[in-house]
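>>> structure of the sequence below:
(one chain, ligands or ions: 2)
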Amino acid sequence: MTVLISPSLLAADFTQLGAEIQRMEQAGADWLHLDVMDGHFVPNITFGPPLVNSVRKVTNLCLDTHLMISEPEKYIEAFVKAGSDLITVHVEAVSDLKGLLQTIRGFGIKAGVSLKPQTPLETILPFLEWCDLVLFMTVEPGFGGQAFMPEVLPKISRLAARLQNSPRAVDIQVDGGITLATAPQAINAGANVLVAGTAVFGQPDPQAIIRRLKALTPAV
Ligand code: DX5
Ligand code: ZN
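Ligands and ions are numbered 1, 2, ... in the order given. The predicted structure is shown next:
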């Protein structure tokens, strides 16, 4: 299993976005995680399609777009046009999850679903066949720099066990409080894509951190 690293732009210096993205590319990032917040689904506001469009012009990294917004169905087309390669919506924010995942895939990009820490795994199980990725929040969504919640780990393990016999690959992503100390727990539970904000941006040597995160393998 290869671990993929998706640095969260939320922890970047927003006055230097082009340079920050280049720094992550050079450091070995696989994807770039874009946290979209609307001040309604979560108590914080970040950015929308115009910024994604600008980011698209300066990088070929997979733009991993995490929509922490209410009524995400209204904005899918705008994020696709802006250049998102993967759009992840929150199960708590959607009434017709199957329809929305199909809409996202219909644009020729990947579709993901995310669960807040307290949301049961059962809410997404009926929709796995339309998901390319499941994102487990290991903090309450809204802010970077929070502490990892280990109580989410059993939920990750349960999905990983279920997917073991699945004919199709579904990525398991973890987001929130990922560091060199917590990443091994997430990987042991079955995650293969790590989002890391503060643990990589703001570090003098992000390449060293990314290399160490990517070298992690599940303990058997
Ligand atoms: C939180 C966001 C995360 C966050 C991660 O709502 O979804 O992507 O930026 O930041 P760290 O790695 O600092 O917890
Ligand atoms: Zn995120």
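>>> quick check, the residue in this protein closest to ligand 2?
Of all residues in the chain, residue 66 sits closest to ligand 2, at 3.8 Å by Cβ to the ion. For glycine as for every other residue, the C-beta is placed from the backbone atoms N, C-alpha and C.
>>> does that residue sit in a helix, a strand or a coil?
strand (DSSP: H, G, I helix; E, B strand; the rest coil).
>>> tell me the pLDDT at it?
At residue 66, the pLDDT value in this model is 99.
>>> beta partners of it?
Counting by DSSP bridges, residue 66 is bridged to residue 35, residue 88.
>>> give me the number of residues near it?
Residues contacting residue 66 under the criterion other Cβ atoms under 10 Å number 27.
>>> residues touching it, list them.
For residue 66, the contact set (Cβ atoms under 8 Å, 6 or more residues apart in numbering) comprises 33, 34, 35, 36, 88, 114, 135, 175, 195.
>>> adding neighbour count, write the residues you listed out as a markdown table.
Formatted as a markdown table, those follow (neighbours: other Cβ atoms under 10 Å):
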| residue | neighbour count |
| --- | --- |
| 33 | 29 |
| 34 | 27 |
| 35 | 24 |
| 36 | 25 |
| 88 | 27 |
| 114 | 23 |
| 135 | 29 |
| 175 | 27 |
| 195 | 29 |
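>>> give me the subset of those touching ligand 1.
Under the cut-off given by Cβ under 6 Å from any ligand atom, ligand 1 has 33, 35, 175, 195 from these close to it.
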